[in-house]
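**Q** Just to be clear, the model below is a prediction. Sequence and coordinates:
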Amino acid sequence: MFFQKELRRQPEFWEGVREQSNVSVGIAAWGLMTGVAMVESGLSALEAVLMTLIVFAGSAQLAAVPMLVGGAPVWVIVAAAFCVNLRFVVFSAHLRPYMMHLPLWQRLVSGYVMVDLTYVFFTRRFPVPGTTPQERLSQQAYMMGNCAINYLAWMGASLVGIALSSAVPTAWGLGFAGILALVGVLASMASSGLRVVSAGVAGTAAVAAWALPLKLNIVVAIASAVAVCLVIEAMRPPRDPLGAHGV
Amino acid sequence: MFDLDPRTLITILALGVVSVLTRSLFFISSSPWTLPRWAQRGLNYAPIAALAAVVVPEIVMAQGALITPWSDARVYATIAGLGWFYWKRGVLGTIVTGMAVYLPLHLGLGW
């Protein structure tokens, strides 16, 4: 956890802080607009603050608020948020080998603070789970430095957005800065042919499956991109002794 | 401003549980288990796929339909941002350049 001194002593903690700081303007703009949007859609300021601090999931919050205001049953809202969050289940399957040396409560807290961008940064920095205690410590330090900045940028900006909701209309489109941050990270990840294919298939599928409810188009897109890449991988001759980690 | 409906509070707490559960689902059980080999390989492509799936519709769609690209600020902003990225390799510059193109077009011309 980021409050552990041991982790802050690792150089990787500060590396994680630096890398996430580069995109934190975008995250903050996105958080700001999420805060504004929650109040504009009809939550009271107190409810919006509680939702920000407890739920910590932008897209699930934005999906839940109109349902909440419209009087949908609690279980329906919960089921909807679960579907919107399904991509995180994929991330948790991926991250399991990095996490299992930690006690349960730390695994749960780490999972809770791990969102899209921190997952992307972490798996880009560490394609293979650590095997020695020092490697694991370094990885955990990076993860927590990264997550801490993301958390602070998101929470701080969301709370400011709630406070300023009447002064900053969503029509200004400041939230687009968050998308631009993701575009930059996306471009930095497109480092191999198959990764470009993966991004292309996923982007196309997400647009084609847009009509699906509850952002399930994102899950469909991930599944199709992974499937296409696995098929291409199986068809081309093996040449990389590093296997999966060389791609 | 400080209203708090009990049903809203219960929903918020339940959504917090959903956040923890979905993000930690595969961390909960500590019994030995590993993903099948093909799934492990497939997960190498998941991060970029997830990102593209979130990003692309936000750029090329409006109200559930593909936009006409020549009159949407987001497309030009994305091109400008990517241009910066391939020139200088910085995400912060990508955001700043993109917004410098986006805001005048969006607020000025209403694109």
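**A** Everything's here; your move.

**Q** What helix or strand is the residue positioned nearest the centre of chain B located in?
**A** Closest to where the C-alpha atoms of chain B average out (C-alpha atoms, centre = their mean) is B:V54, at 4.2 Å. Assigned by DSSP states H and E, B:V54 belongs to helix B:46-60.

**Q** Packing partners of that helix?
**A** If contacts are counted by 3 or more C-beta pairs under 8 Å, 6 or more residues apart in numbering or on different chains; DSSP states H and E, helix B:46-60 sits against helix A:86-99, helix A:116-125, helix A:176-189, helix A:193-208, helix A:216-235, helix B:73-88. Using the backbone N, CA and C atoms, a C-beta is placed for each residue, glycine as well.

**Q** Quick check: next helix or strand after that helix?
**A** Note on helix B:46-60: by DSSP H and E, the next helix or strand toward the C-terminus is strand B:61-62.

**Q** is that following strand up against chain A anywhere?
**A** Yes: interface with chain A: strand B:61-62 contributes B:M61 (C-beta under 8 Å from any C-beta of the partner chain).

**Q** Within the sheet, what are the partner strands of that strand, with directions?
**A** Here strand B:61-62 is paired, per DSSP bridges, with strand B:65-66 (antiparallel).

**Q** for the chain, which spans come out with low pLDDT?
**A** Using chain A here. A:1-3, A:238-247 (pLDDT under 70).

**Q** oops, chain B please
**A** B:1, B:69.

**Q** for it, which helix is longest?
**A** helix B:6-24 (DSSP state H).

**Q** angle of that helix against helix A:116-125?
**A** Calculated by axes from the mean of the first three to the mean of the last three C-alpha atoms, to 10 degrees, helix B:6-24 forms an angle of 10 degrees with helix A:116-125.

**Q** tell me how far helix B:6-24 is from the chain's mean position?
**A** The gap between where helix B:6-24 is centred and where its chain is centred comes out at 21 Å by C-alpha atoms, centre = their mean, to the nearest Å.

**Q** Counting by contacts, list what it packs against.
**A** Packed against helix B:6-24 by the contact rule (3+ C-beta pairs under 8 Å, 6+ apart) you find helix A:45-55, helix A:58-69, helix A:74-84, helix A:86-99, helix A:104-113.

**Q** okay, those helices in a markdown table with distance to chain B next?
**A** Below are the helices and strands packed on helix B:6-24 laid out as a markdown table (distance: least, C-beta to the nearest C-beta, whole Å):
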| stretch | distance to chain B |
| --- | --- |
| helix A:45-55 | 4 |
| helix A:58-69 | 6 |
| helix A:74-84 | 5 |
| helix A:86-99 | 4 |
| helix A:104-113 | 3 |
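
**Q** A:V128: which of those helices is closest?
**A** Closest to A:V128 of those, according to C-beta to C-beta: helix A:86-99, at 9.0 Å.

**Q** That closest one vs helix B:46-60, what angle?
**A** 150 degrees.

**Q** so A:A177 sits right up against A:V23, yeah?
**A** No: here A:A177 does not reach A:V23: they are 9.8 Å apart, not a contact under C-beta atoms under 8 Å.

**Q** Now do the shared contacts for these two.
**A** B:I95 (C-beta atoms under 8 Å, 6 or more residues apart in numbering or on different chains).

**Q** Identify the residue nearest A:Y98 in space, chain neighbours excluded?
**A** Distances taken as C-beta to C-beta, 6 or more residues apart in numbering or on different chains put A:P129 closest to A:Y98, at 4.7 Å, once the chain neighbours are dropped.
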